[in-house]
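1. the following block contains a protein sequence and its predicted model.
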Amino acid sequence: MADLSSYRFTKTHEWSAADGDGVAVGISEHAQQQLGDVIFVELPTVGTALNAGDKFGTVESVKAASDLYTPVSGKVSAVNAALENNPELVNNDPYGEGWMIRLTDAGDGPDLMDEKAYAELVG
């Protein structure tokens, strides 16, 4: 399992992780388990400006469709094109190959939780 000590989580089960290239965003292990098999991911275009809490896409599974909300503000610098043909990457590796978008010029989002606080939220 990934080292999640630098990840920050939202109450809506998205995560953000800063690195040298900006901030990656995806959904949590808990979220993908609740959704079941992911069959489609709709993501924004590169260059889209987002504020923390904005809807940035949709994830569809065999069970349901859920909106995705950005945990931090920033400008979309990359989208995970691999998800177009392989949406199951969200299930297989939600904190790695299943990342969804990357933001630059990212600021902190409100009410982000560390790994421990998020684990307490989802029980």
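-> Cool, the structure landed.
2. what's the separation between Gly98 and Leu68?
-> Using CB to CB, to the nearest Å, Gly98 is found at 12 Å from Leu68. C-beta coordinates here come from the backbone N, C-alpha and C atoms, glycine included.
3. contacts made by the helix or strand that contains Asn91 with the rest, please.
-> Using DSSP states H and E, the element containing Asn91 is helix 89-92. Residues from elsewhere that reach helix 89-92 (CB atoms under 8 Å, 6 or more residues apart in numbering): 26-27, 32, 37-38, 41, 59, 80, 82-83, 97-98, 100.
4. make a PyMOL selection of the buried ones in these.
-> Of these, the buried ones go into a single PyMOL selection, burial set by 16 or more other CB atoms under 10 Å:
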select buried, resi 26+27+32+38+41+59+80+83+98+100
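5. how long is stretch 94-104 from one end to the other?
-> Terminal residues of stretch 94-104 lie 20 Å apart, using CA to CA, to the nearest Å.
6. now the helices for this protein?
-> Remark: helices assigned in the chain by DSSP state H are 29-35, 82-85, 89-92, 115-122.
7. closest one to Asp19 among these?
-> Taking CB to CB, helix 115-122 is the member of the helices of the chain nearest to Asp19, at 16.4 Å.
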